[in-house]
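J.: generate coordinates for the sequence data below:
(one chain, ligands or ions: 1)
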Amino acid sequence: MARIRVAVNGFGTIGKRVAEAILKQPDMELVGVVKTKPDYVAKYAVSSGIPLYAPSDRLGAFKEKGIQVEGSLEDLLKKVDVVVDATPGGVGKEYKPIYERFGVKAIFQGGEKPEVAEVSFNTLCNYEEALGKKSVRVVSCNTTGLLRSICSLSKVAKIKKVRATIVRRASDPKEVKRGPINAIVPNPAKLPSHHAVDVKTVLPSLDIATTAVVVPTTLMHVHIVFAELEEGVTRDDVVSILEQTPRILLADAGLGLASTADLVEYARDLGRKRYDIPELVIWLDSVTVLGGREVVWMQAVHQESIVVPENIDAIRAVMEAAKSAEETIRITDRTLGLMNGRVP
Ligand code: NAD
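T.: Here you go, the predicted model:
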């Protein structure tokens, strides 16, 4: 079968990771990436053998800097089946009409409003809803983390309601202009935070409320989650389902994986490129069942990489190249070296 021809528009934090993940897929071809700035990242793409394109009004800027481009965004769109839009939040919607004009299916990111796409997406929760769609929105990093654990837990018992607090990283490591550098900021002070709203774009009937604060760190987000269930469960039931769920890692704080810094150090020890942790990490020690029907846990989300596997699955979904979540997860997780179960 012919490989799926894919373009990536935007080669920043998410775009470069998704592009490199596409290169590892046996059923996909990365035809090119689009960058607006002729900077060191553009040179990195070219030196990695990734065909580089630019918006037509930016071609001159690349020429001036002596960086080789293969053509314009429009030239690239003529050659592909799917585009992954990884432009900054809110910019993707500006490109939507162009993708439609070229008859190219589009995968958008969580920084876009849900209306940008036909469906908001998480592989473990609603893969089948994205099959054959023209456009799909992979929800944000925090929402992806919440959905992975919630959809896993929903396999042991029906969930009555979820209450969670999101402790957000202030910025990605490369962002030098964002703060806070010495404060904890309610985000926002008025409840709920947008995360609950975003979870409901995938699970509309779930009773969920979230609060959030931003803290001065760049490594990862942390969530503290309380879920009330319709039926009684044991801690073993919960741990067992989390252990079996792909893309969820159970970390033992008692063995030293006691903070986001320890998790990042572990990813470095594993030789993970850019210390990426696309798995959702749940602290095993934190998993508690209160009164039989309330489950509590703490989880860590590596914002820069957690959405990468879902982007790959979304490409297969829109092209109907994998008929089920299990089928795409098998390929994505093997090729990206994703783990599940207990670590280390
Ligand atoms: P980024 O700023 O790191 O990268 C954006 C890329 O798009 C850069 O290469 C930039 O040069 C390019 N760009 C800027 N304007 C453009 C334009 N008009 N046309 C084409 N390209 C343009 O952003 P990011 O962090 O990778 O975020 C991309 C999307 O992913 C956003 O929707 C964001 O909300 C979402 N997201 C980000 C994170 C994260 O933590 N960084 C996590 C999950 C989802």
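J.: can we go C-alpha only for contacts and neighbour counts from here?
T.: OK.
J.: burial measure for the closest residue to Phe226 other than its chain neighbours, as a count.
T.: Closest residue in space to Phe226, ignoring its immediate chain neighbours: Val296 at 4.6 Å, by C-alpha to C-alpha, 6 or more residues apart in numbering. Here the number of neighbours of Val296 (other C-alpha atoms under 10 Å) works out to 17.
J.: and Val296, how far from the ligand?
T.: Look at Val296 and the ligand: by C-alpha to the nearest ligand atom, to the nearest Å, they are 24 Å apart.
J.: right, and that residue touches Trp283 too?
T.: No. Contact between Val296 and Trp283 fails when scored by C-alpha atoms under 8 Å: they sit 10.7 Å apart.
J.: secondary structure element for Ile14?
T.: Per DSSP states H and E, Ile14 falls inside helix 13-23.
J.: any residue of that helix touching the ligand?
T.: Yes. With C-alpha under 6 Å from any ligand atom as the measure, helix 13-23 is seen reaching the ligand through Thr13, Ile14, Gly15.
J.: ok, Ala117 to Asp85 distance?
T.: According to C-alpha to C-alpha, to the nearest Å, Ala117 stands 12 Å off from Asp85.
J.: how about low-confidence regions in the stretch 1-150 of the chain?
T.: Within the stretch 1-150 of the chain, not a single segment meets pLDDT under 70.
J.: interface residues of it facing the ligand?
T.: 9-15, 35-37, 86-89, 109-112, 140-141.
J.: so how do I select the buried members of those in ChimeraX?
T.: In ChimeraX syntax, the buried subset of those is picked out as below (16 or more other C-alpha atoms under 10 Å):
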select :9,10,11,13,14,15,35,36,37,86,87,109,110,111,112,140,141
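J.: in strands, which of the residues of the stretch 1-150 of the chain next to the ligand fall?
T.: Among these, the ones falling in strands (DSSP state E) are Asn9.
J.: so Leu191: helix, strand or coil?
T.: coil (DSSP: H, G, I helix; E, B strand; the rest coil).
J.: the ligand contacts on the stretch 201-344 of the chain?
T.: Residues of the stretch 201-344 of the chain that fall close to the ligand, judged by C-alpha under 6 Å from any ligand atom: Gln303, Glu304, Val307.
J.: closest residue of the stretch 151-300 of the chain to the ligand?
T.: Asp172 (6.1 Å; C-alpha to the nearest ligand atom).
J.: ditto for the stretch 101-250 of the chain
T.: Gly111 (3.2 Å).
J.: pLDDT wise, what is the residue minimising distance to the centre of the chain at?
T.: Nearest to the mean C-alpha position of the chain, counting by C-alpha atoms, centre = their mean, stands Val307 at 1.2 Å. Looking at Val307, its pLDDT reads 98.
J.: how about it: what's its closest non-neighbour residue?
T.: Once flanking residues are discounted, Val307 sits nearest to Cys141: 5.9 Å by C-alpha to C-alpha, 6+ apart.
J.: how about the one you found, what does it touch?
T.: Gly110, Val301, His302, Gln303, Glu304, Ile306, Val307 (C-alpha atoms under 8 Å, 6 or more residues apart in numbering).
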